[in-house]
Structure formats: structure tokens, C-alpha cells
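Enquirer: sequence unknown, structure follows:
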């Protein structure tokens with residue numbers, strides 16, 4: 001592929017790439033590779049029928065592994081799974097060399113994943129990783145694909161408020177990323193994934209970190225702030241601006257400012273004061289807190305808001321703990337009593353439609369709140385307190 005077109009793909013200038021290959025076809029309509037290259041643009045744009053038209057034209061001129069591969073990708077895009085698999089099988093018959101075969105298998109797995117066949121794609125890549133374990137380059141390529149799969153699955157689960165799965169998937173992504181030293185890897189060798197699927201693999205480490213941060217935010221995990229700050233510290237200004245816009249778009253940042261003042265204060269004071277702050281955060285009610293001293297030490301940007309960070313030394317004069325998180329943990333896995341079921345029902349009615357359990361399942365206690373017995377819906381303690389009234 002011409003370098004100017006390759007660069008256009010990598011930076012996402014698809015209109016330029018389209019113009020380059022259309023002009024090439026006009027100049028020489030008998031060259032099969034130009035149709036394959038233009039089909040790549042259509043694949044990136046999700047224009048599956050146009051991609052199929054170009055690859056069929058290419059295959060009609062010369063039957064090639066590349067043409068059949070893109071036919072398979074386009075068919076997966078149309079969720080024609082059996083036809084797509086057959087196209088890839090035919091492509092494999094024309095490929096020579098272990099590395100090329102391995103790459104084709106990975107591209108097939110990615111196309112399968114993009115067709116929402118996540119479990120099948122993941123199993124396929126895991127099997128490949130075991131098969132190619134003795135080949136460092138091939139094994140690392142499998143690891144990169146697995147990390148991407150788990151990260152996307154975690155993000156999807158987080159968007160659907162399936163908290164347990166989002167945590168499970170992002171932890172799996174981090175485990176593999178740590179094992180293969182993803183942060184230090186030379187990602188330039190995976191350009192094919194950028195060109196064909198628009199992955200931007202060089203930012204994969206940042207991707208899993210920002211997804212982890214979002215998931216921690218949505219589960220009200222106290223590690224969210226440190227994760228956010230670490231992520232921002234590793235970025236230049238342009239990347240920071242991009243991340244701030246991303247967090248604002250997904251609304252995960254809205255729960256940051258409130259918790260950030262307490263967590264930043266705890267981090268800036270002595271370890272004893274930090275322990276006090278964390279302990280206070282786990283209590284349900286504090287009757288009276290006396291502020292001994294206040295000092296402004298700086299500001300920090302979260303989303304579109306600027307939060308003034310304060311170091312606060314506090315002394316708890318008198319506290320009355322109604323129910324601690326420790327006591328709640330004892331009830332994890334048990335069904336809520338009738339009074340709590342009614343309270344949850346009242347709170348759920350005030351949430352968006354997609355947060356409601358239409359099947360009327362009973363609510364089971366978790367460490368973060370309650371989830372329906374069907375596993376598809378949940379409500380946090382914070383939402384319950386805010387929307388369901390006082391807990392008895």
C-alpha cells in the first residue's frame with residue numbers, strides 16, 4: 001500500500017484514502033489490489049455492500065488471499081457468519097508461511113468479535129495463544145488482541161451497568177497487559193489492526209486505563225481518583241484534553257469532584273489522617289464533625305469542572321453509626337426483606353427505564369447495593385439513599 005494512503009488510514013483520513021484508490025482504479029482498472037485497498041476504506045466506514053462489490057471485482061480479476069480475507073470481513077460485518085467463515089477458509093488455502101497464517105487467524109477472530117460473537121472470538125484467540133506460546137512474536141500478538149477484546153467487553157458491560165462483569169473483564173485485560181509488559185511494547189508492528197479496524201493500538205495501554213478509571217467511578221470505588229490522576233500524569237496536554245472530553249461525554253466524571261476533595265485531602269495529610277478520612281467514607285451517618293483547620297493547596301480539573309482541593313484536618317467529636325459497610329457485607333447474597341424490597345421498588349421507579357427490572361425479580365444484596373435475581377439490573381446504596389428515602 002502506498003505510504004501516503006497508509007498514513008491516511010492511520011490518522012483516520014479515510015476520504016483521502018478513498019480518493020487515492022479511486023484515482024488508481026480509474027488509471028488502471030485491471031489491477032486487483034486497488035479494489036482490495038478501496039474495500040479496506042469501505043470496511044472502515046462500515047459500508048459492507050460497497051466493500052463486497054469491490055472485493056468481488058478484485059477476486060474476478062485475480063483470486064487472492066487478501067481479497068478473500070476482506071470478503072470475509074465484510075460478510076462478518078453483515079453478520080453472515082457462515083459465509084464469512086467460508087471466505088476466510090478459502091483465504092487460508094492461499095496463504096503461505098506461519099506468520100501470515102497466524103495474522104489471518106487473528107484478523108478472522110477480530111472480525112468475529114466485531115460481529116458480536118464475543119465468546120467465540122475470545123476462545124479462538126486463547127487457543128491460538130496456547131498453540132503459539134513458543135513463538136514470542138505470535139504470542140504477543142495474541143495477547144494484544146485479547147487485551148483489546150477484554151477492554152471492549154468491560155466498557156460494554158459498564159455502559160450496561162453490569163458492574164460485576166465490567167470489573168471481571170477489565171481485571172482480565174490488566175492481567176494480560178501486565179504479563180506481556182504492554183506499556184513498553186513496540187506497537188508499530190501491529191499496523192494491520194490500525195489500518196483494517198481503526199484500533200490505534202499504540203494507545204491500547206491508555207485505553208484500558210481510562211476504561212478502568214470509568215468503571216471504578218461508576219462503582220464508587222475509592223481507587224478511582226488515584227487511577228484518574230495517574231492516567232492524567234502520563235499524558236501530554238493534547239491527550240489530557242481528549243481524555244477530559246471523553247470522561248465528560250460518558251458522564252463518569254460527574255461523581256469525581258465530590259469524592260475528590262476528601263480523597264485528595266487524605267492523600268495530602270499524614271497517614272493517620274488519611275485513615276480517618278477513609279474510615280469516615282465507609283460510615284453511613286456522621287452526627288457531628290468538627291473542622292479544626294483548612295488550607296488551600298491547589299486546583300485540579302475533572303471534566304469541565306475545576307475542583308478546589310483542600311487539606312482538612314478533622315476531629316470527629318461525636319458519631320452515630322447506623323449501619324457500616326462491614327455489617328452490610330454479612331448480608332451479601334441474601335434477599336432483601338419486604339420493607340427493603342418496597343424501598344428499592346420506589347427508588348427504581350425514579351430511575352431511567354433501562355435501569356428497571358421488567359421481570360419483577362427479587363432484589364439480592366451485594367457489596368455495592370442490590371441487584372435483581374436475574375442479574376441484569378442493579379442499584380447502589382447511594383442511589384437507594386437518595387431516591388428511596390431513609391433506611392430503617
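Expert: Right, received. Where do you want to start? Values in this document were obtained by computation on a predicted structure and should not be read as measured data. Numbers count the residues shown, from 1 in each chain.
Enquirer: Which residue, other than its chain neighbours, is closest to residue 59?
Expert: Nearest non-adjacent residue to residue 59, counting by CB to CB, 6 or more residues apart in numbering: residue 67, 4.6 Å away. All C-beta spots, glycine's among them, are computed from the backbone N, C-alpha and C.
Enquirer: Select the longest helix from the protein.
Expert: If you go by DSSP state H, the chain has its longest helix at helix 136-159.
Enquirer: quick one: average pLDDT of the very next helix or strand once past that one?
Expert: Using DSSP states H and E, the helix or strand that follows helix 136-159 in sequence is helix 163-179. Helix 163-179 shows a mean pLDDT of 93.
Enquirer: buried stuff in helix 163-179?
Expert: By 16 or more other CB atoms under 10 Å, the buried positions in helix 163-179 come out as 163, 166, 167, 169, 170, 172, 173, 174, 176, 177.
Enquirer: could those go into TSV alongside distance to residue 237?
Expert: As requested, the buried residues of helix 163-179 are arranged in TSV below (distance: CB to CB, whole Å):
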residue	distance to residue 237
163	33
166	29
167	31
169	31
170	27
172	32
173	27
174	26
176	30
177	25
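Enquirer: Name the nearest of those residues relative to residue 382.
Expert: Minimum separation from residue 382 among the buried residues of helix 163-179 (CB to CB) is found for residue 163, which lies at 13.1 Å.
Enquirer: Near residue 204, how many residues? Count them for me, please.
Expert: Counted with other CB atoms under 10 Å, the neighbours of residue 204 add up to 22.
Enquirer: For the helix or strand containing it, give me every contacting residue.
Expert: Here residue 204 is covered by helix 204-218, with elements defined by DSSP H and E. Contact partners of helix 204-218, identified using CB atoms under 8 Å, 6 or more residues apart in numbering, comprise 144, 147-148, 151, 154-155, 158, 161, 163, 166-167, 170, 173-174, 177, 182-183, 187, 223-224, 227-228, 230-231, 234-235, 239, 243, 246-247, 250, 252-253, 255-256.
Enquirer: So how do I select the buried members of the residues you listed in ChimeraX?
Expert: Buried residues among the contacts of helix 204-218 (16+ other CB under 10 Å), as a ChimeraX selection:
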select :144,147,148,151,154,155,158,161,163,166,167,170,173,174,177,182,187,224,227,228,231,235,243,247,250,252,253,256
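Enquirer: For the one helix or strand residue 110 maps to, which helices and strands make contact with it?
Expert: Residue 110 is part of helix 98-114, with elements assigned from DSSP H and E. Identification of packing neighbours for helix 98-114 by 3 or more CB pairs under 8 Å, 6 or more residues apart in numbering; DSSP states H and E yields helix 65-77, helix 81-94, helix 118-131, helix 136-159, helix 191-197.
Enquirer: No further queries at this time; thank you.
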